[in-house]
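*Asks:* Okay, sequence plus prediction incoming.
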Amino acid sequence: GMFARLAGSLAIAVILAGNGAHGATYYVSSSGGSDLSPGTSPSTAWQSLKRASTISLQPNDSLLLKRSDEWIAEKGDALVLTNASGTLGAYGNGSQPLIQVSSRGSWSACVRLFDPTDLTVTGLRLAGCGAGVLVTQTVPATQNIAIVNNVFADIRGPMQNFLPAGSSAPAPWAQDWGVAVALAADNSTYGRSTMTANLTVANNVGVRVDQFYTNFQPGPGWNDGPNEQRMQLNVQGAQLRGNTVQACGYNCVEMGATTHFTVSNNVFLRDTPPDVFIYGTTDIILGNVDGTSSIVNNSFNRRGEYEGGPDGCAIDFETSASGVVVAFNTIYKSWGAGIMVFGHQTTSHNLSISNNVFLQAGCVQTRGDHGAIAFMCPNGNKANGHLDNNIFQTCTGVGSIEEAYNEAFPGCASNWSKVGNLIDSTDPAGRVVSEPRISVAPSLPSAAVLPVSALSSTPNTTFRYTLDGSMPTETSPIMPPGGIQVPWPGPVLAVNVRGYKEDFVPSVTNGVVLELNYQWPDPGRPPPPPAPPQCKGLPGISCPDCPPAGLPFKCPQGQRVDYIPANGDDGSCTCDEFCASDWGGSVKALRPQWTGATSAFPPGVASTCCVCVQATHFCPKPSPGSGEPCQASCHGFGIPNATAYCVPDDPYMGRSAGRSHQQRARL
């Protein structure tokens, strides 16, 4: 069923972590962890990404972030791993763990990987950074990197700089776009050949990003101003499959210096730049690529362009690609050409464009790069290849060859063979199911679901859908007549829908990214009762949910920490007064003055007159007998071999002596 498929796709982190059962597993929780903990179990998780960045992931190791937790970095890279192998993923229930960078004043990455090998990054939600996952090479070669089942949102550059035409800079590419997945070179490798082998980017969701993928990044730094130069990192064996990219701003997928790549089963939805880029933007732009490479079974829905800008194409052969196959794609209402074959000093050769469907592509662009396929041939460099068995529904619908394959200059397409193409044909083989129209019905949180349904102007359409980012196929689940029920709140997911009908060509894929990790208040229901405290217990009664001995420690409001040493010595503590502040809104810290026996106290505690409940806050220690706070502060002391309990935090427990309350605490 739908929920089983959804659960299966979201559980990939757990499955991958299970494959590394013989390695170490580290856990991180912003809501319940502590950097003083060992980090080797969910109950002893670390808290910060800074602490997680200190480990070295070995083959079969796993670093797992707790689902529904959030980490927000003000600036700089949030999580940095060096020479990592194994799995970076998630554990627990709920929505994807969120890593976010709140300041875009300088370049930063949500996850930065230096020289990874045999590493999988899965199940994360990355937002607000200059790069979602940035792979930085300081060595000549890396290999076997998989980035799967993640969500990238609001990945934008800190400033949208670009150089005007005719600039004296080496290359007019200093636009500083944010990138969901980027390969970059460190200073140490700049100017040297680098290679990444076997890269997989699959079943991810990108929404409101400048770019989704590039291996064409600045060399000695991302933001070096007018002297910035870009270098291509060589990639051999790249697979981009099953991803959904919605509202991408600029060149969504940018490939150069790549051999043996496959771009398949992806969905590009309504990608449009927020401002003008004078060189134009496109969904897929190809530089120097060769080998056995293909762009197959993808859906391009309404690629846009800033008003007045060039391009706005689904696919752009910008320079000198060789041997690339473009087949079985659907290109629907792109602003500029569905496919543009450009070229500069050199151009592309031996291309194959076959069995694609072009639906009103290139109808808005007024420049030379209009029409379903635009052949540009600047400087007289003519590309060559095969153009076979494609279906064209043109802008005017009158069978215009120019609207199907437009020659910006006479003879640009003369080196292409053209066989079996249908242009506005009445042949039944050219009938295409119309685009599905998706409806997300309003719902109250009490329903716990959002209904998603589809309609089509083609009668008797069967709708098939996916929830894993991929393009639906004839084997995908069929949408029931009343639509599907998407859990709410829940993880961020892409709902993609495609229409099928017997003896018709399937429709373009339409889709919507649902960010359902929030919940509106329901005015028709009373507020839910407060959740029971996670830490329960009374003195002498074990509390399995409490963290182990050692501070910091956070109990629910109205409870405090209580320690019992292994030797059973019940030390006595007189509480001079309560701390005035309620730090964090959940814990009232005590300022005890030690008066009991010292044999049970760990070293240093007997001479100290305070204990801190939270390491992030200081508890002033009172001067003996005066009640005046002294300047010294404490961070808390771990108590070896002790058991932690949460007990009622009652200021009137014990006996009252006028000037102060007395309270016994087990240490």
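*Replies:* Great, that's in hand. It should be emphasised that the depicted structure is a prediction, and the values quoted were computed from it without experimental measurement.
*Asks:* Please, where are all the helices along the chain?
*Replies:* Counting by DSSP state H, the chain has helices at residues 2-10, 12-19, 49-52, 401-404.
*Asks:* Name the residues of the last one that come out as buried.
*Replies:* In this case it means helix 401-404. For helix 401-404, the neighbour count (16 or more other Cβ atoms under 10 Å) marks E403, A404 as buried. Every C-beta, even on glycine, is put in place using the N, C-alpha and C of the backbone.
*Asks:* other SSEs contacting that helix?
*Replies:* strand 422-423 (3 or more Cβ pairs under 8 Å, 6 or more residues apart in numbering; DSSP states H and E).
*Asks:* Check the average confidence over the strand it packs on, would you?
*Replies:* Over the span of strand 422-423, the pLDDT mean works out to 95.
*Asks:* That strand pairs with which strands, and in what direction?
*Replies:* If you go by DSSP bridges, strand 422-423 pairs up with strand 391-393 (parallel).
*Asks:* Not counting its own residues, what contacts the partner strand?
*Replies:* With Cβ atoms under 8 Å, 6 or more residues apart in numbering as the contact definition, strand 391-393 has outside contacts at 356-360, 372, 403-404, 421-425, 429-430, 432, 505.
*Asks:* Tell me the spacing between the residue lying closest to S294 once chain neighbours are set aside and H370.
*Replies:* Distance criterion Cβ to Cβ, 6 or more residues apart in numbering; nearest residue to S294, sequence neighbours excluded, is V325 at 4.3 Å. From V325 over to H370 the distance is 24 Å, taken as Cβ to Cβ, to the nearest Å.
*Asks:* higher neighbour count, the two?
*Replies:* Comparing V325 with H370 by other Cβ atoms under 10 Å, the one with more neighbours is H370, at 24 against 18.
*Asks:* Quick check: chain neighbours aside, which residue is closest to that one?
*Replies:* G362 is the one closest to H370 (Cβ to Cβ, 6+ apart), at 4.4 Å.
*Asks:* was I right about the one you found contacting K333?
*Replies:* No. The pair G362 and K333 fails to qualify as a contact (Cβ atoms under 8 Å) at a distance of 9.2 Å.
*Asks:* which of the two has more neighbours?
*Replies:* G362 (30 against 21).
*Asks:* and the gap between that one and Y279?
*Replies:* Distance, G362 to Y279, using Cβ to Cβ: 18 Å.
*Asks:* Please apply the same query to A109.
*Replies:* In terms of Cβ to Cβ, A109 sits 25 Å off from Y279.
*Asks:* Between those two, tell me which one has more neighbours.
*Replies:* A109 (28 against 17).
*Asks:* hang on, isn't the more buried one packed against D77?
*Replies:* Yes. Between A109 and D77 there is a contact under Cβ under 8 Å: 4.7 Å.
*Asks:* Which residues are in contact with each of those two?
*Replies:* Shared contacts of A109 and D77, defined by Cβ under 8 Å, 6+ apart, are found at L134.
*Asks:* Who are the contact partners of the closest residue to S400 other than its chain neighbours?
*Replies:* Closest residue to S400 apart from its sequence neighbours, by Cβ to Cβ, 6+ apart: T394 at 5.5 Å. Residues near T394 by Cβ under 8 Å, 6+ apart: Q360, A372, S400, E403, A404, I423, D424.
*Asks:* Please render those as TSV that adds distance to N243 to the earlier fields.
*Replies:* What follows is those, written out as TSV (distance: Cβ to Cβ, whole Å):
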residue	distance to N243
Q360	25
A372	24
S400	34
E403	30
A404	29
I423	31
D424	32
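*Asks:* Please pick the buried ones from the residues you listed.
*Replies:* The neighbour count (16+ other Cβ under 10 Å) marks Q360, A372, E403, A404, I423, D424 as buried among those.
*Asks:* Show me which pair in those residues is furthest apart.
*Replies:* The distance between the two most remote of those (Cβ to Cβ) is 12.6 Å, for Q360 and I423.
*Asks:* Okay, buried residues for stretch 435-449 please.
*Replies:* Those would be E435, P436, I438, S443, for stretch 435-449 by 16+ other Cβ under 10 Å.
*Asks:* least confident pick among the residues you listed?
*Replies:* Ranked by pLDDT, the buried residues of stretch 435-449 bottom out at S443 (77).
*Asks:* Quickly note the distance from that residue to P489.
*Replies:* 11 Å.
*Asks:* next one: S108
*Replies:* Distance from S108 to P489, by Cβ to Cβ: 28 Å.
*Asks:* So those two - more neighbours on which side?
*Replies:* S108 (24 against 16).
*Asks:* check contacts around that one.
*Replies:* A73, K75, G76, D77, A78, V101, C129, G130, A131.
*Asks:* Could you do A327 as well?
*Replies:* S294, I295, V296, N297, S352, I353, S354, N355, N356.
*Asks:* Closest one of these to V452?
*Replies:* N297 (23.2 Å).
*Asks:* you'd agree that closest one is up against V263?
*Replies:* No. When contacts are counted by Cβ under 8 Å, N297 is not listed as touching V263 (9.3 Å).
*Asks:* Ramachandran coordinates for G397?
*Replies:* Dihedral pair for G397: phi 70, psi 20, per degrees, to the nearest 10.
*Asks:* Do you know the pLDDT at it?
*Replies:* Looking at G397, its pLDDT is 89.
*Asks:* Nearest residue to it in space, ignoring adjacent ones along the chain?
*Replies:* D424 is the one closest to G397 (Cβ to Cβ, 6+ apart), at 5.2 Å.
*Asks:* measure the one you found to T394 for me?
*Replies:* For D424, the distance to T394 equals 6 Å [Cβ to Cβ].
*Asks:* any shared contact partners between these two?
*Replies:* Listed as contacting both D424 and T394 by Cβ under 8 Å, 6+ apart are S400.
*Asks:* can you tell me the distance between the two ends of stretch 136-154?
*Replies:* With Cα to Cα, to the nearest Å as the measure, stretch 136-154 spans 21 Å from end to end.
*Asks:* so who does the nearest residue in space to A321 that is not next to it in sequence touch?
*Replies:* Leaving aside its sequence neighbours, A321 sits nearest to S348 (Cβ to Cβ, 6+ apart; 4.4 Å). Under the criterion of Cβ under 8 Å, 6+ apart, the neighbours of S348 are L286, F317, T319, S320, A321, S322, V324, V341, A383, G385.
*Asks:* who does the residue nearest to L269 when sequence neighbours are not counted bridge with?
*Replies:* If you skip the residues right next to it in sequence, L269 has Q246 as its closest partner in space, 4.1 Å away by Cβ to Cβ, 6+ apart. Q246 forms beta bridges with V207, L269, as assigned by DSSP bridges.
*Asks:* out of the contacts of A327, which are inside strands?
*Replies:* S294, I295, V296, S352, I353, S354 (DSSP state E).
*Asks:* Give me the below-cutoff pLDDT ranges for the stretch 451-600 of the chain.
*Replies:* 518-600 (pLDDT under 70).
*Asks:* Apply 80 and report the result again.
*Replies:* Within the stretch 451-600 of the chain, the stretches with pLDDT under 80 are 517-600.
*Asks:* Brilliant, that's me finished.
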